[in-house]
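# got a sequence here, can you build the structure:
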Amino acid sequence: MSEVDFQTQKHPRLFIPNFLSSHECKELEFIHKCSSTVGYRPNVFSTTLSHLIATNSSHFIIPFIPIRERLKDKLEEFFKCEFELFIEFTGLISWSRGASIGWHSDDNRPYLKQRHFSDVVMYTADDRNIHSVDEITDGERLTLALWFSRDGSHDEDTKLVSLLSQHLLHKSMASSCLPFPASSNMYWCSQNQASTDHFGFNICWARLHVLGYDIYISQDSSSGFDVSELMVKPVRLVRGSELLDHEFVNILHALQVVQFYCWKGSALQTNMSNIDSKVVKLLDVQREKISGINSLLLNDVNFASRIFCRRPSYLEENGCIYFNWTGIVAAIAAWEDYVLKLSKQIHLQLPYWRMQESLYNVQIDA
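This next block holds a predicted model:
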């Protein structure tokens, strides 16, 4: 299917099917599911480049850069505005069950429907291109959104380079790879999206829970935990009556590894023969502690079930990957290799970005 051009109908829009590769789609989905926070309206979640930097996950910016460049080139070509545009915003936005947005298009106007995450729709942000999103009835609808402007004062790259310089200038690659959660309010999903609403759930916990996991915190605390404290405590993964004897830096670190296994599970299956997974049976006292943690992170079971309603299994295009602890242990090492590779790239490219105040692909000889 070729590009669809509505320029001649006075509604400048461009539709390009399969603009993104399958690998790019899966990588962006992985980043969003392990990094997102609550969005701008109920049942909406977002991952912005500035948020990735703030949570010590700046290396995740690397996969966005070639996609941004290709989109910008195609947009400038279509609208005939070469070298005039600045990227104002880049972010992954998802709508979960029950979410809807926007305005209905006039029936007399040409209608374009994005059917897959790999498809791209480009249009002007004015009353000629009113857009909407249908209500989500199952799963999540994920969109990579980019806004462009001719006003250089809105260029997000200048701000991003400044943030990167502050966060990475005095950090080693290893220390810059471990995520650090933002304010716990940013992960609290409630019916009216008010952070102070008691009824709701923590989305980091919910994304783990829908895949069949709980978390266990071994550190003692006579006074108990609050949600903010819990977000930064070392955790272990639990599934059913079994506990993996591996400590993650925090819940965000555990979530990134689990989502990495969801993404790369089939590839990891071939490298598990020599891996020893240290799994122990849960004690009753540990079960009680897990129950207490769950009560802090989940106050509305039905609401959480409606938002993240998928069953706990790993499904890929080439079949089903069944859970095993050995796969998770393999994913820990593979995740470390992946983020270190990205971190190396960002450290090598940062000096060039600082000179140009722009994020772009830099060709560096090995």
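
# so what's Val120 bridging to?
Under DSSP bridges, the beta-bridge partners of Val120 are Ile16.

# would you confirm that it contacts Phe15?
Yes: using CB atoms under 8 Å, Val120 is in contact with Phe15, at 7.3 Å. (C-beta placed from N, C-alpha, C; glycine too.)

# and the lengthiest helix in the chain, what's buried?
If you go by DSSP state H, the chain has its longest helix at helix 325-356. Buried residues in helix 325-356, counted by 16 or more other CB atoms under 10 Å: 325-332, 334-335, 338-339, 342-343, 345-347, 349-350, 353.

# what sits closest to Asn202 if chain neighbours are left out?
Spatial nearest neighbour of Asn202, chain neighbours left out: Leu297 (4.2 Å); criterion: CB to CB, 6 or more residues apart in numbering.

# local confidence estimate at Pro110?
The confidence metric pLDDT takes the value 48 at Pro110.

# the helices in the stretch 51-200 of the chain, which residues?
Under the criterion DSSP state H, counting those that start in this stretch, the stretch 51-200 of the chain carries helices at the ranges 64-79, 156-168.

# CSV please, covering those and showing mean pLDDT.
What follows is these, written out as CSV (pLDDT from 0 to 100):
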stretch, mean pLDDT
helix 64-79, 95
helix 156-168, 94
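
# looking at these, which is nearest to Val285?
Closest approach to Val285 among the helices of the stretch 51-200 of the chain is made by helix 156-168 (39.6 Å; CB to CB).

# roughly how far is that closest one from the heart of the chain?
A distance of 19 Å separates the centroid of the chain from that of helix 156-168, by CA atoms, centre = their mean, to the nearest Å.

# residues touching it, excluding its own?
49-50, 53-54, 56, 58, 61, 86-90, 176, 346-347, 350, 353-354, 357-359 (CB atoms under 8 Å, 6 or more residues apart in numbering).

# which residues touch Ser35?
So Ser35 contacts 47, 51-52, 55, 57, 60, 179, 252, 256 (CB under 8 Å, 6+ apart).

# go again with 6 Å.
47, 57 (CB atoms under 6 Å, 6 or more residues apart in numbering).

# what about it, which SS state?
coil (DSSP: H, G, I helix; E, B strand; the rest coil).

# model confidence for it, exactly?
pLDDT at Ser35 comes out at 97.

# distance of it relative to Lys26?
Distance check for Ser35 against Lys26: by CB to CB, to the nearest Å, it reads 15 Å.

# do His51 as well
Distance of His51 to Lys26, computed by CB to CB: 21 Å.

# does Met186 touch Ser36 like I think?
No: using CB atoms under 6 Å, Met186 is not in contact with Ser36; the gap is 9.5 Å.

# just to revisit the earlier point, and the helices of the stretch 51-200 of the chain: which comes nearest Leu244?
Comparing the helices of the stretch 51-200 of the chain by CB to CB, helix 156-168 comes nearest, at 30.3 Å.

# what residues of the closest one count as buried?
Those would be 156-157, 160-161, 163-164, 168, for helix 156-168 by 16+ other CB under 10 Å.

# also stretch 232-251?
233, 235-239, 243-244, 246, 248-251.

# select from these every entry located in strands.
Among those, the residues falling in strands (DSSP state E) are 236-239, 243-244.

# out of these, which two sit at the greatest distance?
Greatest spacing in these, by CB to CB: Arg236 and Arg239 (10.8 Å).

# distance from the chain centre to stretch 146-162, please.
Here stretch 146-162 is found 21 Å from its chain centre; the criterion is CA atoms, centre = their mean.

# and what of stretch 30-50?
Relative to the mean C-alpha coordinate of its chain, stretch 30-50 is positioned 6 Å out (CA atoms, centre = their mean).

# with only the CA atoms kept, save it in PDB.
C-alpha atoms of stretch 30-50 as PDB (Å, rounded to 0.1, in the frame of the first residue of the first chain):
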ATOM      1  CA  PHE A  30       9.100  -2.000  25.500                       C
ATOM      2  CA  ILE A  31      10.300   1.500  26.500                       C
ATOM      3  CA  HIS A  32       6.800   2.800  27.100                       C
ATOM      4  CA  LYS A  33       5.600  -0.200  29.200                       C
ATOM      5  CA  CYS A  34       8.600   0.100  31.500                       C
ATOM      6  CA  SER A  35       8.900   3.900  31.800                       C
ATOM      7  CA  SER A  36       5.400   5.500  31.400                       C
ATOM      8  CA  THR A  37       3.700   7.700  34.000                       C
ATOM      9  CA  VAL A  38       0.000   8.700  34.300                       C
ATOM     10  CA  GLY A  39      -1.000  11.100  31.400                       C
ATOM     11  CA  TYR A  40      -3.000  14.200  30.900                       C
ATOM     12  CA  ARG A  41      -6.500  12.500  31.300                       C
ATOM     13  CA  PRO A  42      -7.900   9.300  32.900                       C
ATOM     14  CA  ASN A  43      -6.700   6.000  31.500                       C
ATOM     15  CA  VAL A  44      -3.900   7.700  29.500                       C
ATOM     16  CA  PHE A  45      -0.200   7.100  30.000                       C
ATOM     17  CA  SER A  46       2.800   8.900  28.600                       C
ATOM     18  CA  THR A  47       6.600   8.600  28.200                       C
ATOM     19  CA  THR A  48       8.400  11.800  27.200                       C
ATOM     20  CA  LEU A  49      12.100  12.200  26.500                       C
ATOM     21  CA  SER A  50      12.500  14.600  29.400                       C
END
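
# make sure Val235 is actually in contact with Ile251.
Yes: between Val235 and Ile251 there is a contact under CB under 6 Å: 5.4 Å.

# quickly list what's touching both of these two.
Here Val235 and Ile251 have Ile215 as joint contacts, going by CB under 6 Å, 6+ apart.
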